[in-house]
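Peer 1: Structure for this input, please:
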Amino acid sequence: MTGRRNDGRPGGPPRSGFRPGFRSGGRPGGSGPRPESGGPDGAAVLYGWHPVVQALGNAERGLHRLLATENAAARLTEEFGDALRIAPELVRPSEIGRLLGPDAVHQGLYLEAEPLPAPGLDDLPADALLLALDQITDPHNVGAIVRTAAAFGVAGIVTTVRHAPGATGVLAKSASGGLEHVPFVTVRNLAEALIELGERGYTRIGLDSDAPASLDTLTVARPLVIVLGAEGKGLRERTRTCCDLLARIPFSGAIRSLNVSNAAAITLYALGRPPAGTAAGYGAETKIRPPDSGDGLGKSSTLP
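Peer 2: All right, here's what the predicted structure looks like:
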């Protein structure tokens, strides 16, 4: 069987936070946060069971070509039945391996698909929980962050056109299907985007291992953006000045640093839960109010 492009859009609710098919907010003239290159004509390359299955079930994904081994094709039939949107080409595992390289764990599935629509800041929910990535370039880390973000209901991940990996290949595999649920919001300048978010009422919390405030002392309201820096160098100085508050993870053991994707998971658990109206279970509270000046820099106050 030949794999044809299939842009059918079966029913189902669109992802929250932006309008179906709306492609503004990304690279000018482009359709997403970063070109999901790797396949022909700039198509996104996805491989592995979870990334491919989630993409096949996402009505916002246009599909170009699907390669599958006999066993993987049988699993897809069990998963989708007659609702499978594209007919797979049956191939040997070695044929997919030649396309991806010897180290790719493809599980018998390879998909070339359209990049996803990218929302702009205007398209996000009023009570959005966001992540912002400050020059985190490792695709494994970014993919793991996307997976965690999907688990905690993050509405979008703010990243820059430069100094960010493409949403394809290794990143997509590490995200384990999370790309279909958490869109990237791509900006040219992260500091300017954080200032704009502050003017829109977002609380901006930067994660910093040397910060005086501890995550377990904070209560924050949405909309909220959590800002993460690259391992080693952390947040850039300009990024730090655009945060309302810097906070640290309260470590108690001998190792006092974590992989950035693990740090993201802990921070989202600590700050990303829906507000319950009380601060039960927390220590002394640090309450943060939105910015009160036009420079986008907020104020914070510690309450006993």
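Peer 1: tell me the contacts of the closest residue to G272 other than its chain neighbours?
Peer 2: Closest residue in space to G272, ignoring its immediate chain neighbours: F152 at 4.8 Å, by Cβ to Cβ, 6 or more residues apart in numbering. Every residue, glycine included, has its C-beta placed from N, CA and C. Residues near F152 by Cβ atoms under 8 Å, 6 or more residues apart in numbering: L129, A265, L268, Y269, G272.
Peer 1: A helix includes H64, no?
Peer 2: No. Assigned with DSSP: H, G, I helix; E, B strand; the rest coil, H64 falls outside any helix and is strand.
Peer 1: Tally up the residues packed near it, please.
Peer 2: H64 has 21 neighbouring residues, counting by other Cβ atoms under 10 Å.
Peer 1: With the one 10 residues further on instead?
Peer 2: Look at A74: counted by other Cβ under 10 Å, it has 12 neighbours.
Peer 1: which helices and strands does the strand or helix carrying it pack with?
Peer 2: A74 belongs to helix 70-80 when assigned by DSSP states H and E. Contacts defined by 3 or more Cβ pairs under 8 Å, 6 or more residues apart in numbering; DSSP states H and E place helix 70-80 against helix 49-56.
Peer 1: For stretch 47-63, the averaged confidence score.
Peer 2: Mean pLDDT, computed over stretch 47-63, is 96.
Peer 1: Likewise for stretch 213-220?
Peer 2: pLDDT averaged over stretch 213-220 gives 92.
Peer 1: Now that stretch: buried residues?
Peer 2: A213, S214, L215, T217, L218, V220 (16 or more other Cβ atoms under 10 Å).
Peer 1: I'd say the last one and I205 touch.
Peer 2: It refers to V220. Yes. The pair V220 and I205 passes the contact test of Cβ atoms under 8 Å, sitting 6.6 Å apart.
Peer 1: Just the element for the spatially most central residue of the chain, please.
Peer 2: Taking Cα atoms, centre = their mean, the centroid of the chain lies closest to V146, which sits 3.6 Å from it. Here V146, judged by DSSP H and E, is contained in helix 139-151.
Peer 1: tell me the mean pLDDT over that helix?
Peer 2: Looking at helix 139-151 alone, the average pLDDT works out to 96.
Peer 1: what comes up buried for it?
Peer 2: Within helix 139-151, judged by 16+ other Cβ under 10 Å, the buried ones are P139, N141, V142, G143, A144, I145, V146, R147, T148, A149, A150, A151.
Peer 1: How about stretch 116-136?
Peer 2: Buried, per 16+ other Cβ under 10 Å, within stretch 116-136: 116-121, 123-124, 128-136.
Peer 1: mind checking the end-to-end distance for that stretch?
Peer 2: 21 Å (Cα to Cα, to the nearest Å).
Peer 1: Repeat that for stretch 108-123.
Peer 2: 36 Å.
Peer 1: can you give me the offset of it from its chain's centre?
Peer 2: 11 Å (Cα atoms, centre = their mean, to the nearest Å).
Peer 1: For the stretch 201-304 of the chain, which residues score under the pLDDT cut-off?
Peer 2: The stretch 201-304 of the chain contains residues with pLDDT under 70 at 274-304.
Peer 1: can you pull out the helices in it?
Peer 2: Ranges of helices in the stretch 201-304 of the chain, per DSSP state H, counting those that start in this stretch, are 237-241, 260-271.
Peer 1: Out of those, the one nearest V45 is which?
Peer 2: Closest to V45 of these is helix 260-271 (Cβ to Cβ; 21.5 Å).
Peer 1: Need the phi and psi values for L171.
Peer 2: phi -60, psi -50 (degrees, to the nearest 10).
Peer 1: What separation do you get for it and V187?
Peer 2: As judged by Cβ to Cβ, to the nearest Å, L171 and V187 stand 18 Å apart.
Peer 1: Between those two, point out the one with more neighbours.
Peer 2: Just comparing L171 and V187: by other Cβ under 10 Å the higher neighbour count belongs to L171, 27 against 23.
Peer 1: Quick one: end-to-end distance for stretch 82-92.
Peer 2: End to end - Cα to Cα - stretch 82-92 spans 23 Å.
Peer 1: Counting neighbours, which bits of it end up buried?
Peer 2: By neighbour count on 16+ other Cβ under 10 Å, the buried set for stretch 82-92 is L84, R85, I86, P88, V91.
Peer 1: burial measure for the residue lying closest to the last one once chain neighbours are set aside, as a count.
Peer 2: Among residues not flanking V91 along the chain, L67 sits closest, at 5.0 Å (Cβ to Cβ, 6+ apart). L67 is surrounded by 23 other residues when neighbours are defined as other Cβ under 10 Å.
Peer 1: Surely the residue nearest to the centre of the chain and K173 touch.
Peer 2: No. If you go by Cβ under 8 Å, V146 and K173 don't touch, sitting 10.9 Å apart.
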